[in-house]
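J.: no sequence for this one, just the structure:
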């Protein structure tokens, strides 16, 4: 029995580790694919080379991020079976088709057009190339649609019937399964999170190069675009997050109780605990800083509305409160900091000093990875918050695992940790190296191979376009082939 | 027609598409060290750089499709072959990132070339051994894998693993005959002769082993009246093998590649005859493991609509990058 418990814990750690790592890449590439489509579209519309340069600059980064996303994603598609075979067997008839649709409508679309997007600019016409970019961007979004539908069904399962063999089977309507109650909220909240993640990365890179040369037109353009996103999407994201929370309160109240740190019920108005240290043994939040009745106001829009606490939930159905409590606060804290950056940039824009605010630029650099942290914290909130269930209310995580021995899972977990940290660590390092170079006129694409003659004319910057900018020498650059 | 049978053929098609399409990618990875660092390797890799990702997607369709159409088989096969699947996934990690990393870091290009080869080799071997582990039978009790965790390692699975490595090397080398020219094409031709010979020998060995493996498999081939139906498979295979060897020696274009695909098609057909009607021998037939009809129909609609489109735009992507790999990358 003890051995089973160990194998279970190891399998949970392995899934958490591999899915968290994987999630970073789509969180970035969903937004980046759309950003690339916008850049290419603007180039086609305006003919301004700055957009083409930025397109090629980010395309190289996209190629690396996408490759890491693909290889870490294949791991996920097999891990349901390798480590969660009971779950796969009983849930397969319902969620399997959704994942098959993801492959058919999203993965093939992305992968099929990726080659043309990366390497085909001189092989097909401009419009056809733009169409390929759009298809890749569409594919990333469609992928999010299906996989979040699957995840949402596991959180708020509807539209199923229980089969004689113990499987969950599809009921009359597939729409009831796909558009389960939490799906629309989760989709909007997650896709906007991906857009914000990308926007803050782009903003940080733009700000970094503005700090080195505030006249760099490429840095200006990308910084300005990213700050528009921060100013517009962050408030929308906060509203969407609030609505998602209300939806969770309706369908998974125990998760919200853990997020709020409400161990006890509050019959006449629950306080909003800003900070504190949850103690699940004593069932209380120590050293809490509270705003009286504010939680009832946020969740019920009534200062005096009663709110049930975890004392109404049996102990064996209670999620681990401290993790959920803290990850939720990290996510919200980052969200409001993003809002602050967005407002700061609006203030600078109104005064015409957007490119002359070094402290804003420094803050934006610091906020570069913030989207990843927020996405991960939000993911932990929702995934840990639905424990101890893997299919909420139906199948416990403890009952869903494969019949594997602990040493087998321990060995694979160790291998994943070693390989992911080295391989993806190096990939991130390559991305940071690319970001460290200033975008410049005549930016290279992702074409490769040093077999052709080096033509320097195409990458010589105009004399006034890039004063003081760091122009890498062609011979020192890893990509030697002009486009 | 029975939906479960249709789905068995769809999964078989996805697996075949994967084996052929990622097979030549992995084969090039396996053969990569035999090409000289620099121009030769760059050309070999550039011949697949625009298409490998799409090729690999068929693996996700094979796995995802199995999950959706035969969830019980998915839930049994993957735990039974756990170390192989993990090794394959990690191999594919190294193989996949090497496509990008080797260009990003010229100082460590040799290292990423090794990762490209090592990852391809491990993935190919693991896939072939998984196939062998499935064919030799998986013990199932109460809808769950009931064997030990070394069942997948036998002389037979090693044989199927080696056969797959040789077969992928054949696909990779004949692809390169098509896409390269000059001295590099001659080099690919030499590789293809060795890989083709090894593939034919190992395919024959696996076929004989299958018949010896259990009586039911043998009956599928040798008992009357089936023998009259299935006899053409080995005969056609022999003819294709001879034309393949002839094509490798003489052809300058795609002919050896198409004949290699034909050989794989015959091999997979043979495996189909052997294993039918089981999805997990010896206990689970395709009907035992099938998803309910409502799931099958829903997915079939999706396949009917999307598959022609997928094939069309995949073919278009190949068309865009048609012809010999140019000296200066893609121009």
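T.: Looks like it came in fine. All of these numbers come straight from a predicted model, not from anything done at the bench. Numbering: from 1, shown residues only, chains lettered A, B, ... in the order given.
J.: May I ask you to name the longest helix in the chain?
T.: Looking at chain A here, since you left the chain open. Taking residue count as the measure and DSSP state H as the definition, the longest helix of chain A comes out as helix A:2-46.
J.: meant chain B actually
T.: Looking only at chain B and at elements set by DSSP H, the helix with the highest residue count is helix B:182-213.
J.: what is the mean pLDDT for it?
T.: Per-residue pLDDT values across helix B:182-213 average out to 90.
J.: what's the answer for stretch A:165-184, then?
T.: Per-residue pLDDT values across stretch A:165-184 average out to 91.
J.: Buried residues in that stretch, which are they?
T.: Under the neighbour-count criterion of 16 or more other Cβ atoms under 10 Å in any protein chain shown, stretch A:165-184 has A:167-170, A:174, A:177-184 buried. All C-beta atoms are positioned from the backbone trio N, CA, C, and that covers glycine.
J.: give the contact list for whichever residue of chain B sits closest to chain A.
T.: Using Cβ to the nearest Cβ, the closest approach of chain B to chain A is made by residue B:71 at 2.4 Å. Applying Cβ atoms under 8 Å, 6 or more residues apart in numbering or on different chains, we find residue B:71 in contact with A:88, A:89, A:91, A:92, A:93, A:96, A:167, B:289, B:291.
J.: now for these, which pair is the farthest apart?
T.: Checking the contacts of residue B:71 against each other with Cβ to Cβ, the farthest-apart pair comes out as A:91 and B:289, at 14.8 Å.
J.: Which residue ranges of the chain form strands?
T.: Let's take chain A. Chain-ordered strands for chain A, with DSSP state E as the definition, fall at A:160-162, A:168-170, A:272-279, A:284-291, A:389-391, A:395-396.
J.: Wait, chain B was what I had in mind.
T.: Counting by DSSP E, the strands of chain B are B:140-141, B:144-145, B:278-280, B:284-285.
J.: returning to what we had before: minimum distance to chain B: which of the strands of chain A has it?
T.: Comparing those against chain B with Cβ to the nearest Cβ, the closest turns out to be strand A:168-170 (4.7 Å).
J.: What helices and strands are in contact with the closest one?
T.: Using 3 or more Cβ pairs under 8 Å, 6 or more residues apart in numbering or on different chains; DSSP states H and E as the contact criterion, the elements in contact with strand A:168-170 are helix A:85-102, strand A:160-162, helix B:293-320.
J.: With distance to residue A:290, mean pLDDT and mean neighbour count added, can I get the ones you listed in TSV?
T.: Conversion of those to TSV gives the following (distance: least, Cβ to Cβ, whole Å; pLDDT from 0 to 100; neighbours: other Cβ atoms under 10 Å in any protein chain shown):
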stretch	distance to residue A:290	mean pLDDT	mean neighbour count
helix A:85-102	39	91	26
strand A:160-162	40	90	15
helix B:293-320	49	91	16
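J.: what's the closest of the ones you listed to residue B:161?
T.: Proximity to residue B:161, assessed across those by Cβ to Cβ, is greatest for helix A:85-102 (23.3 Å).
J.: Do that closest one and chain B come into contact?
T.: Yes: judged by Cβ under 8 Å from any Cβ of the partner chain, helix A:85-102 and chain B are in contact via A:85-86, A:88-89, A:91-94, A:96-97, A:99-102.
J.: contacting residues for whichever residue of chain A sits closest to chain B?
T.: Taking Cβ to the nearest Cβ, chain B has its nearest neighbour within chain A at residue A:92, 2.4 Å off. Residues in contact with residue A:92 (Cβ under 8 Å, 6+ apart) are A:167, B:67, B:68, B:71, B:72, B:74, B:75, B:291.
J.: Out of the strands of chain A, which is closest to residue A:379?
T.: Comparison of these against residue A:379 by Cβ to Cβ identifies strand A:389-391 as nearest, at 15.0 Å.
J.: packing partners for the closest one?
T.: By contact count (3+ Cβ pairs under 8 Å, 6+ apart), the secondary structure elements abutting strand A:389-391 are helix A:85-102, helix A:126-155, strand A:395-396.
J.: For these, could you give me CSV that also reports distance to residue A:254?
T.: Converted to CSV, these look like this (distance: least, Cβ to Cβ, whole Å):
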stretch, distance to residue A:254
helix A:85-102, 20
helix A:126-155, 12
strand A:395-396, 14
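J.: one step back: want to try TSV for the contacts of residue B:71, with distance to residue B:262 as columns?
T.: Formatted as TSV, the entries for the contacts of residue B:71 read as follows, by distance: Cβ to Cβ, whole Å:
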residue	distance to residue B:262
A:88	35
A:89	37
A:91	39
A:92	34
A:93	36
A:96	32
A:167	39
B:289	30
B:291	32
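J.: Output the below-cut-off pLDDT ranges for chain B.
T.: When residues are selected by pLDDT under 70, those of chain B lie in B:1, B:327-331.
J.: Could you give the backbone dihedrals for residue A:271?
T.: Summarising the backbone geometry of residue A:271 under the convention degrees, to the nearest 10, its torsions are phi -80, psi 150.
J.: which ones are touching it?
T.: Listed by Cβ under 8 Å, 6+ apart, the contact set of residue A:271 reads A:288, A:290, A:291, A:292, A:293, A:294, A:295.
J.: right, and the pair among these with maximum separation?
T.: Maximum pairwise distance in the contacts of residue A:271, criterion Cβ to Cβ, is 14.3 Å, between A:288 and A:293.
J.: Tell me which of the two has more neighbours.
T.: residue A:293 (19 against 15; other Cβ atoms under 10 Å in any protein chain shown).
J.: ok, and the closest non-adjacent residue to the more buried one?
T.: Once its chain neighbours are removed from consideration, residue A:293 has its nearest residue in residue A:269; the separation is 3.6 Å (Cβ to Cβ, 6 or more residues apart in numbering or on different chains).
J.: likewise residue B:139?
T.: residue B:147 (4.1 Å).
J.: Tell me if I'm right that that neighbour and residue B:80 touch.
T.: Yes: counting by Cβ atoms under 8 Å, residue B:80 is a contact partner of residue B:147 at 6.1 Å.
J.: Give me the common contacts of those two.
T.: By Cβ under 8 Å, 6+ apart, residue B:147 and residue B:80 have these common neighbours: B:138, B:139.
J.: Show me which of those two is the more surrounded one.
T.: More crowded of residue B:147 and residue B:80, by other Cβ under 10 Å: residue B:80, with 29 against 17.
J.: Was I right to think the more buried one contacts residue B:151?
T.: Yes: counting by Cβ under 8 Å, residue B:80 touches residue B:151, with 6.7 Å between them.
J.: okay, and the common contacts of these two?
T.: Looking at what touches both residue B:80 and residue B:151 (by Cβ under 8 Å, 6+ apart), the common residues are B:133, B:138, B:139.
J.: now those residues: which count as buried?
T.: By the neighbour-count criterion of 16+ other Cβ under 10 Å, the shared contacts of residue B:80 and residue B:151 include these buried positions: B:133, B:138.
J.: show me what contacts residue A:299?
T.: With the criterion set at Cβ under 8 Å, 6+ apart, residue A:299 makes contact with A:245, A:246, A:249, A:256, A:260, A:270, A:305, A:307.
J.: can you pick the most crowded of those residues?
T.: residue A:270 (29 neighbours).
J.: Contact partners for that residue?
T.: Residue A:270 makes contacts with A:260, A:262, A:293, A:295, A:296, A:299, A:306, A:307, A:309, as judged by Cβ under 8 Å, 6+ apart.
J.: How much space separates the residue of chain B positioned farthest from its centre from residue B:101?
T.: Relative to the C-alpha centroid of chain B, counting by Cα atoms, centre = their mean, residue B:107 is the outermost residue, at 32.9 Å. Distance, residue B:107 to residue B:101, using Cβ to Cβ, to the nearest Å: 11 Å.
J.: All set, thanks.
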